[in-house]
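[1] Here is my input; please provide its structure:
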Amino acid sequence: MQPKLKFFFIDKSYFKDLIDYSRSRDALFQFINPAVVFSEVHILEAYRRASRYMLHNNNIRSMGGLLLAYITGEKDIKKAIEIGGLIDSGKYILIYENDNDLKPLKNLNEIENFLVRDLKSRDFEIFSAMSYLDSLL
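    So this is what the prediction gives:
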């Protein structure tokens, strides 16, 4: 299954509710701080690697946390969440799999896609960090 992306401006006052809601989802439902993302390809490759890892390993319970580890290149999932998750009011990317999970978000301020599709000049940096993380996990 290919994930979907939506873009929101989120006020910090909603963070606790959003975090609780995302933890209650069975399917992937993760907000990403755009400061750690270079392009859509970066997110999609992180998703591909995290999905493969989850298929073959059952010692990680959160696809969202693992996805953030691949995006940030941080092997400590808690640290990856601190770096790449909800931090302060602002723009965020939501990666999700199930359209039904969006229904409670109708009050959030959806905005236009602000990511570039691909940024080939950063490929080496992105894919090297992900490959290094593969070797550690």
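
[2] in the protein, which spans are strands?
    For the chain, the strands defined by DSSP state E occupy 4-10, 29-32, 90-96, 109-110.

[3] Distance check, the spatially most central residue of the chain against Y21.
    With distances taken as Cα atoms, centre = their mean, I32 lies nearest the centre of the chain, 4.5 Å away. As judged by Cβ to Cβ, to the nearest Å, I32 and Y21 stand 16 Å apart. Heads up, the C-betas are built off the backbone N, CA and C, glycines and all.

[4] how close does F9 get to G90?
    Separation of F9 from G90 (Cβ to Cβ) stands at 7 Å.

[5] sorry, that was for A69
    22 Å.

[6] for I126, same thing?
    I126 is 22 Å from G90, by Cβ to Cβ.

[7] The two: which is more packed in?
    Per other Cβ atoms under 10 Å, whichever of I126 and G90 has more neighbours is I126, with 21 against 14.

[8] pretty sure the more buried one is touching H42, no?
    Yes: look at I126 against H42 with Cβ atoms under 8 Å: they come within range, at 5.3 Å.

[9] Check this protein for its longest helix and report it.
    Ranked by number of residues, the top helix in the chain under DSSP state H is helix 40-56.

[10] Return the set of buried residues in that one.
    Within helix 40-56, the residues scored as buried using 16 or more other Cβ atoms under 10 Å are 40-47, 49-51, 53-54.

[11] Could you export those residues as CSV, including distance to E112?
    Formatted as CSV, the buried residues of helix 40-56 follow (distance: Cβ to Cβ, whole Å):
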residue, distance to E112
E40, 13
V41, 19
H42, 19
I43, 16
L44, 19
E45, 23
A46, 22
Y47, 21
R49, 27
A50, 26
S51, 27
Y53, 32
M54, 31
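
[12] Name the member of those residues with the shortest distance to S131.
    Distance to S131, by Cβ to Cβ, is smallest for R49 among the buried residues of helix 40-56, at 9.0 Å.
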